[in-house]
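Q: Let me see the structure of the following:
(chains A and B)
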There are 2 protein chains.
Amino acid sequence: MGIPLHGYPAPEGKPVYGSDGRRIIYDENGKPCRTCNTLKNFRMATAKETTGEKTQSSHANKALAASAIAGVSATTDKELAPDGYPKDCPADVEELGRSTWTFLHTVAATYPESATEQQQKEMKAFLETFSKIYPCWFCAKGFRKYIKANEPKVMTQDEFGRWLCDAHNAVNKKLGKPHFDCNLWKKRWKDGWGDGKCD
Amino acid sequence: MGIPLHGYPAPEGKPVYGSDGRRIIYDENGKPCRTCNTLKNFRMATAKETTGEKTQSSHANKALAASAIAGVSATTDKELAPDGYPKDCPADVEELGRSTWTFLHTVAATYPESATEQQQKEMKAFLETFSKIYPCWFCAKGFRKYIKANEPKVMTQDEFGRWLCDAHNAVNKKLGKPHFDCNLWKKRWKDGWGDGKCD
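A: As a prediction, this is how the structure comes out:
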């Protein structure tokens, strides 16, 4: 599709990498993509933050320190997300990813144990469209490539749950995140761990 | 579709309402639906918790108290979600809802400003399938009813973003949650608030 492997080149004077080492994704028009980057890296690329000045934790810590001085909750003004930014900021690539995987794995958890032809066809069409409309175009491109090489398996719930778990692991690998043992997908997303804490 | 307005009746001896006042949703087979209830109410209905014994906060507080005694972080064993349960529990109706709205509103935020016929058709088909596969069958039923009465508006990004915001407000109303001013949908889900905190 003519899009470079790591998105479009960084415009002159704009950073190629964020301070966390992740490549910053730019749109065709040279603007950083909000839904393809962490909020911190997006802000770096829009020159709202400079490298290293505000790390995510120091951002949160400053708020905490300020609130400790003032003797009030850090969340009085704006409740903060784990990344230290207000919770009501538009979703960045991390929040979007986390949310969407939660949605998708839970879809698998309630998918029919044995799906009809019609249900299989619908799920395939759904994943096909999903791969086109996913808000991080850069991630969507990766997902289209993945489903082209690994056709979605949707005959049974277990098959679909494992296929999705494998797809998630492929992304984890790209991002240097830990591998998840897909034998455990049902405990994680459907039934709980059998330790009496979720079930 | 023959399903009662509030799901199937509670089986004999099972609670009708959770301790938070929300009706507990049971499946056709009389089992409480994991993805249709909060985890606390699900556990109440499976007799893992009794009314009022473990409130969400006391659950978290006990863990904190225990960790304070042991002098270790409460999250050493299992990191806790805001509801006081381990973060790696299968998503309950609240986490599923939050995650899915984040996904959907962000889809709207990156939807074409003026969509082609093909893109409109695809988005309508996507929403149609979405309304069938959403993991909380009880919520899915409500969404199918909503889109039947309020045809998705997908000609432009703004139109779609507002339609989705209205749909979200319809759910907020049912759940007694605050109404969101849909004139602000782009600030919340696309551009940030213009106060320099997200943008």
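Q: Is stretch A:137-154 positioned near chain B?
A: Yes - applying C-beta under 8 Å from any C-beta of the partner chain, one finds stretch A:137-154 in contact with chain B at A:Trp137. C-betas here are computed from N, CA, C, even on glycine.
Q: what about the helices in chain A?
A: Secondary structure of chain A (DSSP state H): helices located at A:39-45, A:56-70, A:93-109, A:117-133, A:137-149, A:157-175, A:185-186.
Q: now the shortest one, how far from the centre of its chain.
A: Shown here is helix A:185-186, whose average C-alpha point lies 19 Å from the average C-alpha point of the whole chain (C-alpha atoms, centre = their mean, to the nearest Å).
Q: which residues touch the residue nearest the centre of chain A?
A: Most central in chain A under C-alpha atoms, centre = their mean is A:Gly97, positioned 1.7 Å from the mean C-alpha point. By C-beta atoms under 8 Å, 6 or more residues apart in numbering or on different chains, the contact set of A:Gly97 is A:136, A:139, A:171.
Q: among the helices of chain A, which gets the worst mean confidence?
A: Mean pLDDT is lowest for helix A:56-70 among those, at a mean of 41.
Q: so A:Met123 makes contact with A:Ala108?
A: No - under the criterion of C-beta atoms under 8 Å, A:Met123 is not in contact with A:Ala108, lying 9.4 Å apart.
Q: Find the residues that touch each one of those two.
A: Common neighbours of A:Met123 and A:Ala108 (C-beta under 8 Å, 6+ apart) are A:Phe160.
Q: Would you mind measuring from A:Thr38 to A:Trp101?
A: Here A:Thr38 is placed at a distance of 16 Å from A:Trp101 (C-beta to C-beta, to the nearest Å).
Q: again, but for A:Thr129
A: Distance from A:Thr129 to A:Trp101, by C-beta to C-beta: 17 Å.
Q: for A:Ala170, same thing?
A: Look at A:Ala170 and A:Trp101: by C-beta to C-beta, they are 12 Å apart.
Q: out of the helices of chain A, deepest packed?
A: Highest mean neighbour count among these (mean count of other C-beta atoms under 10 Å in any protein chain shown): helix A:39-45, with a mean of 25.
Q: how about that one, does it get close to chain B?
A: Yes - using C-beta under 8 Å from any C-beta, helix A:39-45 comes into contact with chain B via A:39, A:43.
Q: right, and A:Glu122 touches B:Ile133 too?
A: Yes - checked against C-beta under 8 Å, the pair A:Glu122 and B:Ile133 is within contact range at 7.4 Å.
Q: any shared contact partners between these two?
A: Counting by C-beta under 8 Å, 6+ apart, nothing touches both A:Glu122 and B:Ile133.
Q: that older thread, I'd like the helices of chain A laid out as TSV, including distance to A:Arg23.
A: Listed next are these as TSV, based on distance: least, C-beta to C-beta, whole Å:
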stretch	distance to A:Arg23
helix A:39-45	9
helix A:56-70	18
helix A:93-109	12
helix A:117-133	21
helix A:137-149	10
helix A:157-175	11
helix A:185-186	30
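Q: distance of A:Lys40 from chain B?
A: 11 Å (C-beta to the nearest C-beta, to the nearest Å).
Q: which residues touch the nearest residue to A:Lys124 once chain neighbours are set aside?
A: Take A:Lys124 and drop its neighbours on the chain: the residue closest to it by C-beta to C-beta, 6 or more residues apart in numbering or on different chains is A:Pro152, 5.7 Å away. With contact taken as C-beta under 8 Å, 6+ apart, A:Pro152 is in contact with A:123-124, A:127, A:160, A:163.
Q: pLDDT score assigned to A:Pro152?
A: Predicted confidence (pLDDT) at A:Pro152: the value is 98.
Q: Repeat that for the one 4 residues further on.
A: According to the predicted model, the pLDDT of A:Thr156 comes to 98.
Q: pretty sure it is touching A:Glu113, no?
A: Yes - under the criterion of C-beta under 8 Å, A:Thr156 makes contact with A:Glu113 at 6.1 Å.
Q: Between these two, which is the more surrounded one?
A: Legend: neighbour count by other C-beta atoms under 10 Å in any protein chain shown for A:Thr156 and A:Glu113, higher for A:Thr156 (15 against 7).
Q: Quickly list what the more buried one is bridged to.
A: Per DSSP bridges, the residues bridged to A:Thr156 are A:Ser114.
Q: OK, contacts around it?
A: When contacts are counted by C-beta under 8 Å, 6+ apart, A:Thr156 touches A:112-115.
Q: Does A:Gly192 touch B:Pro90 like I think?
A: Yes - taking C-beta under 8 Å as the definition, A:Gly192 is a contact partner of B:Pro90 at 5.9 Å.
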